[in-house]
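**Student:** predicted model, plus sequence, below.
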Amino acid sequence: MIFLEEKASKDEKKVTEKNHAYSVKVVLIEDRVGDLILEDKQKPIIQVATPPEFPGGKEGIHSPEDLFVAAVASCKMTTFCAMAEKLDLELLHLRIDATGYLGKGEERGLAFKKIDVHMSIGIDSEQSEKSAEKCVDLTRKYCLITNSVKCPVNLEYEISS
């Protein structure tokens with residue numbers, strides 16, 4: 001994240017980068033099933049496994065592929081909410097649907113070829129649709145997960161009041 005810090009002179013601003021670290025560990029429990037344990041002990045353990053589409057895959061358990069697409073969708077949500085707060089945009093509802101498409105990678109193995117994201121945004125009829133559109137544009141620009149992945153992330157949206 002980029003933060004602005006005030007310098008001695010009120011006319012000057014210095015951009016600094018604040019670093020954060022996020023640590024997880026995965027412990028194998030049984031054949032291709034593990035517990036994803038987050039550094040923060042308050043967060044629940046998430047069971048993960050090979051997806052059922054692959055040999056040895058398991059039904060009903062989150063896969064790395066699920067979590068990858070979920071990371072994009074949830075980052076879009078949190079980024080949009082942060083931007084809406086900054087612009088005083090009150091949300092009546094926000095729904096984000098995302099689909100990741102896996103295919104042959106350019107260099108080797110499989111890779112996500114693209115992720116399609118659809119946002120359904122509900123605002124009060126008295127609020128500006130332009131503010132909601134600005135939040136979408138800022139979300140496109142500042143979603144840190146989207147900024148970190150190689151594949152294209154396509155974002156479509158609809159605004160209702």
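**Tutor:** That came through, no problem.

**Student:** can you give me the helices for the protein?
**Tutor:** 64-86, 129-142 (DSSP state H).

**Student:** which of those sits closest to residue 25?
**Tutor:** Nearest to residue 25 among the helices of the chain is helix 64-86 (14.3 Å), distances taken as CB to CB. (Glycine included, C-beta is placed from N, CA and C.)

**Student:** pull out the buried residues from the closest one.
**Tutor:** By neighbour count on 16 or more other CB atoms under 10 Å, the buried set for helix 64-86 is 65, 68-69, 71-73, 75-77, 79-80, 83-84.

**Student:** and it, what's its mean pLDDT?
**Tutor:** Throughout helix 64-86, pLDDT has a mean value of 98.

**Student:** again, but for stretch 106-125
**Tutor:** The predicted model assigns stretch 106-125 a mean pLDDT of 94.

**Student:** which parts of that stretch are buried?
**Tutor:** Across stretch 106-125, burial judged by 16+ other CB under 10 Å covers 112, 115, 116, 117, 119, 121, 123.

**Student:** show me what the last one is bridged to.
**Tutor:** Residues found in beta-bridge contact with residue 123 (criterion: DSSP bridges) are residue 91.

**Student:** tell me the contacts of it?
**Tutor:** 89, 90, 91, 92, 129, 131, 132, 159, 160, 161 (CB atoms under 8 Å, 6 or more residues apart in numbering).

**Student:** distance of it from residue 159?
**Tutor:** Computed with CB to CB, to the nearest Å, the distance linking residue 123 and residue 159 is 6 Å.

**Student:** so what sits against both of these two?
**Tutor:** Counting by CB under 8 Å, 6+ apart, the common neighbours of residue 123 and residue 159 are 129, 132.

**Student:** select from the buried residues of stretch 106-125 every entry located in strands.
**Tutor:** 112, 115, 116, 117, 119, 121, 123 (DSSP state E).

**Student:** residue 142 against residue 81, yeah?
**Tutor:** No - Residue 142 lies out of contact with residue 81 (CB atoms under 8 Å); the separation is 11.9 Å.

**Student:** returning to what we had before: which among the contacts of residue 123 count as buried?
**Tutor:** 89, 91, 131, 132, 159.
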